[in-house]
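> Sequence first, then the predicted structure:
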Amino acid sequence: MSATLRSTTDLIAAEDAHTSGLYTKRTVVLVRGDGATVFDSEGRAYVDCVGGQGTANLGHGNVAVADAIAQQARTLASCTELFYNDRRAELYEVLAGILPAALDRVFLCNSGAEAVEGALKFARAATKRTGIVAAMRGFHGKTMGALSATWGPEYRDLFGPLVPGFSHVPFNKPEALDAAITADTAAFIFELVQGEGGVRPATREFANEAARLCAERGALLIVDEVQTGFGRTGTLFAYEQYEILPDLLCLAKSIAGGMPMGAIAFSRKVGELTKRSHSSTFGGNPLACAAAIAAIGELRRLDLARNARERGAQLIAGLRAIRSNRIREVRGLGLLVGVELKENAAGALRALQDEGVLALGAGPTVVRFLPPLVITETEIDRVLAASRKALE
């Protein structure tokens, strides 16, 4: 039975009867989206500043992506890398056209956590070292290797012992890197804007020192752009704003316009990988590849990195103009924006929802805005009006 024929209460009960219980859910049933707007089962519209937690850079219902998926689904949906495939070959060429020449090899998978897992394995294989250094407050996923790089005890404590060989350094403390990145370090992994860790941009000094020490000491630099990639921060990739070049670049979330896909782009420093040492059944399937080709084409056609810069500047300026003793700081890059409060953020998130804006948390005290990059000036004004009511 379709959502339009069932009550909100019935739909929530149907999920609750069988869900894993791992998610804290809001009592809203989303059934449709258009651009930067989503609609619930009762017909109410919301400005979507959750953005599929970063998957919806193109917004909802993009016609080019939808048509590409539909056409490919009728043609060939599955084809593992036991065989060559036309859509996969085309996507490799598209990625080569937007990535630096040094990152000329790509492994395709299904998610950000998988991209991180593969990058960690590739770094250990390439360097013959086991040490992995990550940043405090960093988030890289919840599978066992990615979780070992993730900082938060709320994610880690239930599942120890985790993978050995991982250590963490304070984020944005370049002076801490010298002792951490050693001759035993396979890789340093970090986000250029910590998302789950509170929307904290890296300083140029921290990023540059990490890159310098990795190059000097034979470690590989892994940049996690799962959330910041594909225009989110105002450039196609955030590393462009830091003038560094990663050895391995982790991508996912918005790469395929909402279809599940991840990717690792890596340089020749990784060397030749042993056949069958890593693989993914669904990685590089034609359906996801077709979606990614269309999504990247739309991202460039619509110049969404520019829109992220402009609308992000509008959002940050408007949030900083709010006079409230509840706000500690507004920070971000492009359309990845956080408002750190002097209190728990749950009340503000509920108030925003009541005002027709859906936003995310980023730790206990941060409200995170992660809207589709197609969001308009008028929609940002609506977000700011709602934020004033929710935060003043």
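Received it, and whenever you're ready, just let me know what you need. Since the model is a prediction, treat every value here as computed from it, not as a measurement.
> Could you use CA atoms for every contact and neighbour count after this?
Will do.
> residues contacting residue 73?
The neighbours of residue 73, taking CA atoms under 8 Å, 6 or more residues apart in numbering as the test, are residue 287.
> same deal with residue 237?
Remark: with contacts taken as CA under 8 Å, 6+ apart, residue 237 is in contact with 225, 228-231.
> now residue 348
Counting by CA under 8 Å, 6+ apart, residue 348 makes contact with 367, 390-391.
> helix, strand or coil for it?
Assigned by DSSP: H, G, I helix; E, B strand; the rest coil, the conformation of residue 348 is helix.
> And it, how far from residue 107?
Taking CA to CA, to the nearest Å as the criterion, residue 348 is separated from residue 107 by 40 Å.
> show me where the stretch 1-150 of the chain has strands.
Taking DSSP state E, counting those that start in this stretch as the test, the strands found in the stretch 1-150 of the chain are 30-34, 37-40, 45-48, 105-109, 131-135.
> Those strands into JSON lines, with extra columns for distance to residue 158, mean neighbour count and mean pLDDT?
As requested, the strands of the stretch 1-150 of the chain are exported to JSON lines (distance: least, CA to CA, whole Å; neighbours: other CA atoms under 10 Å; pLDDT from 0 to 100):
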{"stretch": "strand 30-34", "distance to residue 158": "31", "mean neighbour count": "15", "mean pLDDT": "97"}
{"stretch": "strand 37-40", "distance to residue 158": "34", "mean neighbour count": "20", "mean pLDDT": "98"}
{"stretch": "strand 45-48", "distance to residue 158": "32", "mean neighbour count": "24", "mean pLDDT": "98"}
{"stretch": "strand 105-109", "distance to residue 158": "27", "mean neighbour count": "21", "mean pLDDT": "98"}
{"stretch": "strand 131-135", "distance to residue 158": "20", "mean neighbour count": "24", "mean pLDDT": "98"}
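> do you know which of these lies nearest residue 76?
Of all the strands of the stretch 1-150 of the chain, the one in closest proximity to residue 76, counting by CA to CA, is strand 105-109 (17.5 Å).
> Could you list the alpha-carbon positions for the closest one in CSV?
Listed next in CSV are the C-alpha coordinates belonging to strand 105-109 (Å, rounded to 0.1, in the frame of the first residue of the first chain):
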residue,chain,number,x,y,z
ARG,A,105,43.7,5.0,-10.5
VAL,A,106,40.3,4.4,-8.9
PHE,A,107,38.7,1.6,-6.9
LEU,A,108,34.9,1.7,-6.9
CYS,A,109,32.9,0.5,-4.0
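> what's the neighbour count on the closest residue to residue 173 other than its chain neighbours?
Spatial nearest neighbour of residue 173, chain neighbours left out: residue 206 (6.4 Å); criterion: CA to CA, 6 or more residues apart in numbering. The local packing of residue 206 (other CA atoms under 10 Å) involves 19 other residues.
> Which helix or strand contains residue 206?
Assigned by DSSP states H and E, residue 206 belongs to helix 204-217.
> buried sites along that helix?
Buried residues in helix 204-217, counting neighbours by 16 or more other CA atoms under 10 Å, are found at 204, 206-211, 213-214.
> how about the nearest residue to residue 86, chain neighbours excluded?
Excluding the flanking residues, the one nearest residue 86 by CA to CA, 6+ apart is residue 286, at 8.0 Å.
> quick one: contacts for that neighbour?
Taking CA under 8 Å, 6+ apart, we find residue 286 in contact with 72, 76-79, 85-88.
> where does it fall, phi/psi-wise?
Note on residue 286: its backbone torsions stand at phi -60, psi -30 [degrees, to the nearest 10].
> measure it to residue 80 for me?
Taking CA to CA, one finds residue 286 at 9 Å from residue 80.
> check contacts around the closest residue in space to residue 145 that isn't next to it in sequence.
The shortest distance from residue 145 to any non-neighbouring residue, by CA to CA, 6+ apart, is to residue 117 (5.7 Å). Taking CA under 8 Å, 6+ apart as the criterion, residue 117 is in contact with 143, 145-146.
> circling back to that earlier point, can you list the contacts of residue 237 in JSON lines and add neighbour count, secondary structure and distance to residue 329?
Written out in JSON lines, the entries for the contacts of residue 237 read as follows (neighbours: other CA atoms under 10 Å; DSSP: H, G, I helix; E, B strand; the rest coil; distance: CA to CA, whole Å):
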{"residue": "225", "neighbour count": "24", "secondary structure": "coil", "distance to residue 329": "24"}
{"residue": "228", "neighbour count": "29", "secondary structure": "coil", "distance to residue 329": "20"}
{"residue": "229", "neighbour count": "25", "secondary structure": "coil", "distance to residue 329": "24"}
{"residue": "230", "neighbour count": "29", "secondary structure": "coil", "distance to residue 329": "26"}
{"residue": "231", "neighbour count": "26", "secondary structure": "coil", "distance to residue 329": "24"}
